[in-house]
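Participant: Sharing a sequence plus its predicted fold:
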Amino acid sequence: MKKIFLTIAIFSTVNNFAFSQEEQDTAKSKPPSRIGATVGYQFIGKAEDGAKTNDGKSFSLFFHQTISPLWFLSFDAGYQYHTRIVFGAMEIKSKGSPLSAIPINVGMNLFLTKSGIQPYLGIELGLFLDNAFVVSFGPTFGISVPITNNINLGANIKMKYLNEAGYFYGGITGINTGISYSIPKKQKNNLHE
């Protein structure tokens with residue numbers, strides 16, 4: 001619980017600083033929105049009762065909606081799978097198909113620079129859909145690197161705290177990398193008759 005409060009405090013401090021910067025520079029237009037995909041490796045923590053799911057792999061599709069030169073909303077959904085769960089001395093292996101979940105997340109993110117290589121911080125809230133609805137919450141730390149005018153490479157670290165009806169499942173730390181494409185802005189026609 002202390003980690004969650006610390007995350008909120010850090011994000012609030014950065015948030016206040018960013019808004020004061022934005023107020024000084026409102027004339028600049030916001031960057032384009034982006035679509036993309038990531039692949040990643042997920043490190044899983046132990047649950048309260050000692051159960052441990054082995055580390056897994058993931059794939060996600062995402063959409064970033066810019067709302068200002070520094071802020072963007074993130075939406076992503078994907079597929080995450082693991083091959084076994086260890087519970088004390090008992091090990092459960094998947095037979096035929098891996099143990100899987102569908103993570104769906106929405107987040108608020110802040111770029112730390114306005115152009116070029118852009119590191120960012122964010123907070124995400126989401127659901128893990130498997131046999132139940134598991135709520136997730138946690139910070140995101142990432143970077144976006146332009147390769148061409150429309151293509152960016154990116155990487156991020158996402159930390160998730162999972163909870164279902166008060167039961168703590170252990171945290172997930174995901175390391176992800178991917179590629180994104182800028183959605184071209186519509187040009188306004190200024191026709192004078």
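Facilitator: Structure received. Residues are numbered from 1 along each chain as shown.

Participant: When you work out contacts or count neighbours from here on, use the C-alpha atoms and nothing else.
Facilitator: Will do.

Participant: Please enumerate the strands of the protein.
Facilitator: Remark: strands assigned in the chain by DSSP state E are 34-44, 51-53, 56-66, 71-82, 84-87, 90-93, 99-111, 118-129, 133-146, 151-164, 167-182.

Participant: Make a markdown table from the ones you listed and add mean neighbour count to it.
Facilitator: Output for these, formatted as a markdown table (neighbours: other C-alpha atoms under 10 Å):
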| stretch | mean neighbour count |
| --- | --- |
| strand 34-44 | 19 |
| strand 51-53 | 20 |
| strand 56-66 | 19 |
| strand 71-82 | 20 |
| strand 84-87 | 16 |
| strand 90-93 | 12 |
| strand 99-111 | 20 |
| strand 118-129 | 20 |
| strand 133-146 | 20 |
| strand 151-164 | 19 |
| strand 167-182 | 19 |
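
Participant: Mind putting those into a markdown table with mean pLDDT?
Facilitator: Below are the strands of the chain laid out as a markdown table (pLDDT from 0 to 100):
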| stretch | mean pLDDT |
| --- | --- |
| strand 34-44 | 91 |
| strand 51-53 | 58 |
| strand 56-66 | 92 |
| strand 71-82 | 91 |
| strand 84-87 | 53 |
| strand 90-93 | 50 |
| strand 99-111 | 89 |
| strand 118-129 | 92 |
| strand 133-146 | 91 |
| strand 151-164 | 89 |
| strand 167-182 | 83 |
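
Participant: Residue 151 versus the residue lying closest to residue 135 once chain neighbours are set aside, what's the distance?
Facilitator: Excluding its sequence neighbours, the residue lying closest to residue 135 (C-alpha to C-alpha, 6 or more residues apart in numbering) is residue 127, at 4.7 Å. Relative to residue 151, residue 127 is positioned 29 Å away (C-alpha to C-alpha, to the nearest Å).
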